[in-house]
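Visitor: give me a model of this one.
(one chain, ligands or ions: 2)
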Amino acid sequence: MAGLPSGIRHYPLMLEPAQQKQLLDDVRQVVSVAPLYTPRMPRTGKPMSVRMSNCGALGWVTDKEAGYRYQAFHPVTERPWPAIPDMLIDIWQKVSGHDRPPEACLINFYEDDAKMGLHQDRDEADFAAPVVSVSLGDSCLFRISASARKGPTQSLKLHSGDVLVMGGHSRLCYHGVDRVYPGTSTLLSKGGRINLTLRRVSEL
Ligand code: SIN
Ligand code: FE2
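Guide: Ligands and ions are numbered 1, 2, ... in the order given. Just a heads-up that it's a prediction; the model follows:
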């Protein structure tokens, strides 16, 4: 099988099961303060199939009226986002190769039939830092392009405890989630997949 595109690094099972449980507890703590909500596409207002929340100084949000953006408060509660859990900061320090800490952590929750279309992460002012993504719960089929242009893609499975880094030449790669595989993890008692995406947002 061909290797991953330059700038993409996959760390299978970087978190062992006990660490996954601890991180899940941290995420539960975050969403008890900043509840998951249903984001809506710009202009059309179409609901996304993924529910979202954030932690960190800034959170990524989208709605019909104002579209994709970062903001310092939850769009429903209007409260500041909770802090990014230490375990995620540690992961960032280990794999990002970037000396400044992440400013934003998007929390995506996928039910059995949720997916995410191919897109680029480009709402940040600076692309020097990579995007670091951590998966928990059910496995998914992740699709990724080799560069910033829409073109050939390759697929890989992401499992609970996996970490994926998208940086360098692939910082602006297209990526998405084709499907979740229900029943592939026992971490979440009711099933589903959680993805945590760490990013720098502002310019240095
Ligand atoms: C995202 O691109 O925001 C999510 C990626 C994922 O769920 O693995
Ligand atoms: Fe993304």
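Visitor: please identify the buried residues of stretch 175-188?
Guide: H175, G176, V177, V180, T184, S185, L187, L188 (16 or more other Cβ atoms under 10 Å). To be clear about C-beta, it is placed using only N, CA and C from the backbone, and glycine gets the same treatment.
Visitor: nope, stretch 84-102 is what I meant
Guide: In stretch 84-102, counting by 16+ other Cβ under 10 Å, buried: I84, P85, M87, L88, I89, I91, W92, V95, S96, P101, P102.
Visitor: repeat for stretch 4-23
Guide: For stretch 4-23, burial by neighbour count (16+ other Cβ under 10 Å) applies to L4, P5, G7, I8, R9, H10, Y11, M14, L15, Q20, L23.
Visitor: do stretch 53-70 as well
Guide: So, applying 16+ other Cβ under 10 Å, buried residues of stretch 53-70: S53, N54, C55, G56, A57, L58, G59, W60, V61, T62, Y70.
Visitor: neighbouring contacts of it?
Guide: Contacts to stretch 53-70, defined as Cβ atoms under 8 Å, 6 or more residues apart in numbering, come from residues 30-31, 34-37, 39-45, 48, 52, 71-75, 81-85, 102-107, 109, 123-124, 198-199, 201.
Visitor: residues touching L24, list them.
Guide: L136, L187, L188, I194.
Visitor: show me what contacts the one residue in the chain that gets nearest to ligand 1?
Guide: With Cβ to the nearest ligand atom as the measure, N195 is the residue of the chain nearest to ligand 1, at 3.2 Å. Applying Cβ under 8 Å, 6+ apart to N195 gives the contacts L106, I107, N108, Y110, S133, V134, S135, L136, L158, V177.
Visitor: near ligand 1, which residues of the protein? Just list them.
Guide: Residues of the chain lying near ligand 1 by Cβ under 6 Å from any ligand atom: L106, N108, M116, S133, F142, H175, V177, N195, T197.
Visitor: many thanks, we can stop here.
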